[in-house]
Each structure stands twice: as structure tokens, then as C-alpha cells.
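In: sequence below, structure please.
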Amino acid sequence: MTVEQSKTTTIPPQKPLRVLHVTFNMGIGGTEQVIRQLIQGMAAESVESEILCIDGHIGPIGEALQQAGVAVHKVTRKQGFDWSLIKVIRKRLRERRFDVVHCHQYTPWMYGWLAALTTRAKVVFTEHGRFYPDRYRYKAMLINPVMAMFTPSVVAISEATKDALVKYEFIPRKKIQVIYNGIAPLSRDESEAQKVREELGIPQEAFVAGTVSRLDPVKNQQMMLRAFKKFAETHPDAYLLMVGDGPDKAILMELADELGIGDHTLFTGFINKPQHHLSVMDVFLLSSHTEGTSMTLLEAMSLGIPAITTRVGGNPEIVVDGKTGILTETECVDSFAGAIRQLAGSKQLCEDLSKSSAKEFTRKFTQKQMIKSYITSYEGSRRSNTP
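Out: So this is what the prediction gives:
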């Protein structure tokens, strides 16, 4: 090769990363929100993404992504161990020549890991949260260390989740990386928030506590209602705004009536883009028995809404007690009610927590930070593919 030829020789550009996300479904939940944030944010980084739902249905978040042009597929997993599902995943990995199969939660990891064994795709496994109460599965003692050994990237969404993977899943601590969930910050539009307030019939000066969450027993919202009842004894004009849907909705509505707070407890159902409802809230409430990294808590923080959360899971890693919000014990109605009363009684405290909350969000929990960390994991996996 001559000098002139060498000057014109260029290294061919690396092909875009191709990622298959394997998950249960794309319904309503934190895992699904993370997948959406990853796919939408990584499109700008030239990462090509598809989703495979293994529980037979796609769900509203998946349908919204389909409408935006993302390929979302579904397959119905059979009862028991489904060997045919491995073949389905393996076929898709080979045909579409995926670089990475990103498995969300344990069961998708098991199937994705087995399917990838004879393909070029490398496995990334993210644990998004834990069951309540958590439990040992002694078969995991034999299987999981082997799976982890041959999984290039094992991710937990909080230090608490990492601890659970070590304790209950027998995955070596040194193998697990913590990547906090992140979101694109929400923007506050006071005119739209005012419309929501008027539509809900909330008086202009009324104090509003609220939550955006799946209405599910693990979210412990019966305790939230009882705490709001106690708070309302001294603040009868306050409102509780419950944004979300789920299996506990009818139970919670009935309990609100029984407690005598039904007229001031507003159930909106699922709201796809809740930023204007969040903007109505003076305080954000999260009463869960367990959490990884709550996406709706991050949404509230991005808007500078002070939070009251239970001291469980990843919550203490997100909320700095007394600085960006208030932490309480999970079953203590009195302390939860007292925290609401404390914030309702101090405008200055709310303002201080609001400013600190927004700063903490920007420091640790943005979509850009999460995407950067995952792309590093993906690229590392692809480099291990290169001969």
C-alpha cells in the first residue's frame, strides 16, 4: 500500500447496536417505564431496539411504542418450564442478528440466557425490584451463580436491590453493577395544572397530597388512606389525589368512604402523562412495602415536589431524609400522617425541600445518566463478541 493510498483508507463505521428487550409485558409499571425511557433515549444514540413480551400481551406502554414505530412482539409463555419459548427467542436473536438481549426481571433472564447460548447476542440482566416479602429459592443457589458467570452485565436498580440479589439469588456481589433508574425531566405548565385542578373540583387554596402509582397491595395505599384520614382531622379542607389503576382500586375507594374521606379522595384512573396532575400536588406520597427505584418518585422530584416515602428498598437512596423529603416507617400511620402535617404547616420547609429535591434529581437520576451507563454495558458486551 502506498503512502497516498494509506491516507485515503478509512476504518468502516461500526454498525449500530441492535438490542432485544425481553420482558413479561409492556403494561403499566416501573419496569415498562424504564424500557420506554431506554428505547426512546437510545434512538438518538443510534441504538436499534425491539421488545419481546413473553406473557401473551403487549399492554398500553407497548402499544404506544408501536405507534411510535418501535417493533414490539408478543409470545404466550406456556405453564411450567416452556422449552419452546427458548427456541422462539433464539430464532429472533439469530434472524435479526441482535448484539444484546436485555432481560428485564428474573424469568426473562432465565429464558433469554438459555436462548442466547448458541447465538452472537450477549446477555444483560436487570433486576427491577423484589417480591414482598422476599424469599429464598434454594434451586437458585446452584443455577444463578453459573448464569451470572456467563452474563456479561448484571444490573440492580438500587443498592438495596443489589443486596437482595446477593442474599436471595446467590449472585456474587462483585458481579452486580448498580444503575439507578432515570427519566427525562418533566416540565411544569401552570395553566395546564390549573385546568386539572378545576376539572377535579379542587379549590384553589386547598392543600393537595397525592400519589401516582399502581393501586396494588404492595404499594400499601390502605396505610396512606388511614394516614390521610388522621391528617384530615386537623386539615379538613385538604385533598388526596390518587392517580393510577390496579387490582386494589375498588377496595381503596370503599375504604376511603368508610374512613369518611371519600369526598376529598380523588381517584383518576391511569393517566398516561401525569405531569399536570403531579403539578397539582403540594406533597408526593409513596407508602410502599418495597421499592427499587420508583419512576413516579423521580417524576415528582424532577418537578421539585417534596416527597414523603416509606423507608424501604431503594427509597432511602433517593430521598435524603430532611433534605429532599421525609422518610417514615412502612406501617406507621401516625408518623406518615405527622409528616404530611409537618409539610402542610410549613411553606418554607416545602420550598427548601422542593429546591433540594430538584437538585438531587439532576445530580443522580436523569435519563441521560441511565442511558450512558447502559450503553457502556451494551458496548462492553459487543466488544466481547468481536473476534
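
In: would you map out the domains in this structure?
Out: 3-182+367-383, 190-364 (automatic domain parsing).

In: Leu165 contacts Ile176, correct?
Out: Yes. Contact criterion Cβ atoms under 8 Å: Leu165 and Ile176 qualify, at 5.7 Å. Yep, even glycine has a C-beta here, placed from its N, CA and C like the rest.

In: overlap in contacts, those two.
Out: Taking Cβ atoms under 8 Å, 6 or more residues apart in numbering as the criterion, Leu165 and Ile176 both touch 154, 156.

In: nearest spatial neighbour of Ser158, skipping sequence neighbours?
Out: Gly314 (3.0 Å; Cβ to Cβ, 6 or more residues apart in numbering).

In: what pLDDT does Ala140 get?
Out: The confidence metric pLDDT takes the value 84 at Ala140.

In: residues in contact with it?
Out: 168-170.

In: just the buried members of those residues?
Out: 168-170 (16 or more other Cβ atoms under 10 Å).

In: so what's Tyr168 up against?
Out: Contacts of Tyr168 by Cβ under 8 Å, 6+ apart are 130, 134-137, 140.

In: could you rerun that using 10 Å?
Out: 130-131, 134-137, 140, 144 (Cβ atoms under 10 Å, 6 or more residues apart in numbering).

In: try Thr296
Out: 30, 33, 183, 211-214, 243-244, 274, 278, 284, 286, 307.

In: and it, what element?
Out: Secondary structure from DSSP states H and E places Thr296 in helix 295-302.

In: before we move on, the earlier item: you'd agree the residue nearest to Ser158 is up against Ala156?
Out: Yes. Under the criterion of Cβ atoms under 10 Å, Gly314 makes contact with Ala156 at 9.1 Å.

In: on contacts alone, who are the packing partners of the host helix or strand of Gln177?
Out: Assigned by DSSP H and E, Gln177 belongs to strand 176-178. For strand 176-178, the elements it packs on are strand 122-127, strand 153-156, helix 159-169, helix 367-383, judged by 3 or more Cβ pairs under 10 Å, 6 or more residues apart in numbering; DSSP states H and E.

In: what is the mean pLDDT for the first one?
Out: In this case it means strand 122-127. Across strand 122-127, pLDDT averages out at 97.

In: distance from the chain centre to stretch 326-339, please.
Out: 23 Å (Cα atoms, centre = their mean, to the nearest Å).

In: repeat for stretch 70-78
Out: Per Cα atoms, centre = their mean, the centroid offset for stretch 70-78 relative to its chain is 20 Å.

In: which parts of that stretch are buried?
Out: For stretch 70-78, using 16+ other Cβ under 10 Å, the buried residues are 70, 72, 74-75, 77.

In: what about that stretch, start to end distance?
Out: 26 Å (Cα to Cα, to the nearest Å).

In: how about the helices and strands packed on strand 176-178, which one is nearest Ala193?
Out: helix 367-383 (22.5 Å; Cβ to Cβ).

In: burial count for Glu317?
Out: Glu317 has 18 neighbours, counted by other Cβ atoms under 10 Å.

In: also Phe270?
Out: 16.

In: burial count for the nearest residue to it once chain neighbours are set aside?
Out: For Phe270, ignoring the flanking residues on the chain, the nearest one in space by Cβ to Cβ, 6+ apart is Asp245 at 4.3 Å. Residue crowding around Asp245 was assessed by other Cβ under 10 Å; the count is 17.
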